[in-house]
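1. got a sequence here, can you model it:
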Amino acid sequence: MRLKNLLFFAVVCVACSLQAAQAAGKKSDEWDLSHGHPQVPTQHLPSLKQIPIRAGIVVGYRKIDNAHPPVPVIFDLSNGQQSVWELPPELFNPTHQCIHDTLAMQWAPGAKQFLLTHGGALDLVHSDGTYSIVALKQPLTTEANGCMYDYALSPDGTLIAYTLNDGHSTGLYYQQLHGSDQVKLVDGGYTFHPAWSPDGKKIAFTTKSDGLGIVSITGQQLADIQPPFKREYPRALVDHIKWSPDGSRIAFLFDRKLYVINADGTGMKPIVFKPTDAEVENYSWSPDGNQFVIASNVEDGKRCSMNLGYYLEVGGFPCIQGYDLYTSNSDGSNLERITKEPFYFSYDLSWLL
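-> Model prediction:
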């Protein structure tokens, strides 16, 4: 009887989900009647060994099937085409013992190369797929948790900023690309997600109080900004910090909402997308600073499964969210869908040209 009641309740939840999606103008959620976890649908994308050098090229991570981790994908904004960027497999071999297993790919426009971290690897990668291993000087620490992570390559490709956890707190540091004594910028508390200004003289970061900090590379604290917003998601914080190409503004995500603030700490405002507002999974400025590209679920539902055991444990069915790529003006107007099919697990978008 209890199982029958649970199944009836599951059907009611599915019906409510479909109605909510239709009311919001999104595609309905897709339901898998199995008792496992929802599967990422396999998509057979063409592959490229080099990134095309032309306008409207965006690179980011996404999953293309359920069996493998996310892969770097090239998005062509002119036609919505997606292609896997086929990088040498040895590029992902671990190279450092004290690097967290993070997945990140950051574009340095001045150096015209990516800093890629994946599975303990830390490499510089050019658009043609050639790469070199980054040999940072590892910190001397006896703490089991002492480690470097959250790397950011300076725009000219000569310095790397990172956070270092010494087992007690997390500070912000930088050093020369191929190893030097590290320079401490912010000590104590917790600091994350460093982002270099285009001139390479300042770094914005997430502060220990989950706000937005700005520090010069000489260590001068320039700003500590606390967004006065209600947190709608657990443990929400300022994240995905990115300077505009001219250095006059800083964008960041907070509770899946995109905000922009002047570089002097004034004029913070949310970006309201039109004609339909959007939650933002990740984003990038256009090279001229006049547009954004965003990964959003404006028109996409979720893939869910009726895993009753999971429901009893966490109070909901397991789902994965679908996303599409959109462009808009930098004020949020003229939101336009680019991709034709949803994708899953989106990371680190970079609009190259």
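2. the strands in the stretch 51-200 of the chain, which residues?
-> Secondary structure of the stretch 51-200 of the chain, counting by DSSP state E, counting those that start in this stretch: strands at 57-63, 71-76, 81-85, 104-108, 113-118, 121-126, 131-133, 147-153, 159-165, 170-176, 183-186, 192-196.
3. okay, and for the stretch 51-200 of the chain, where does confidence drop off?
-> Confidence mapping of the stretch 51-200 of the chain against pLDDT under 70 gives the ranges 94-102, 119-120, 138-146, 166-167, 188-190.
4. try 80 this time
-> In the predicted model of the stretch 51-200 of the chain, residues 66-67, 91-103, 118-121, 135-149, 165-170, 178-181, 187-190 satisfy pLDDT under 80.
5. hmm, back to that, would you mind putting the strands of the stretch 51-200 of the chain into JSON lines with mean neighbour count alongside?
-> In this view, the C-beta of every residue, glycine as well, is placed from N, C-alpha and C. Output for the strands of the stretch 51-200 of the chain, formatted as JSON lines (neighbours: other C-beta atoms under 10 Å):
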{"stretch": "strand 57-63", "mean neighbour count": "22"}
{"stretch": "strand 71-76", "mean neighbour count": "21"}
{"stretch": "strand 81-85", "mean neighbour count": "18"}
{"stretch": "strand 104-108", "mean neighbour count": "19"}
{"stretch": "strand 113-118", "mean neighbour count": "23"}
{"stretch": "strand 121-126", "mean neighbour count": "19"}
{"stretch": "strand 131-133", "mean neighbour count": "14"}
{"stretch": "strand 147-153", "mean neighbour count": "22"}
{"stretch": "strand 159-165", "mean neighbour count": "22"}
{"stretch": "strand 170-176", "mean neighbour count": "20"}
{"stretch": "strand 183-186", "mean neighbour count": "17"}
{"stretch": "strand 192-196", "mean neighbour count": "22"}
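6. minimum distance to A295: which of those has it?
-> strand 57-63 (7.4 Å; C-beta to C-beta).
7. show me this structure divided up by domain.
-> 1-86+271-353, 89-217 (automatic domain parsing).
8. and the helices in the chain?
-> 2-23, 308-314 (DSSP state H).
9. now do the closest residue to L87 other than its chain neighbours against M105, distance only.
-> Using C-beta to C-beta, 6 or more residues apart in numbering and skipping the chain neighbours, the partner closest in space to L87 is G129 (5.6 Å). Distance of G129 to M105, computed by C-beta to C-beta, to the nearest Å: 13 Å.
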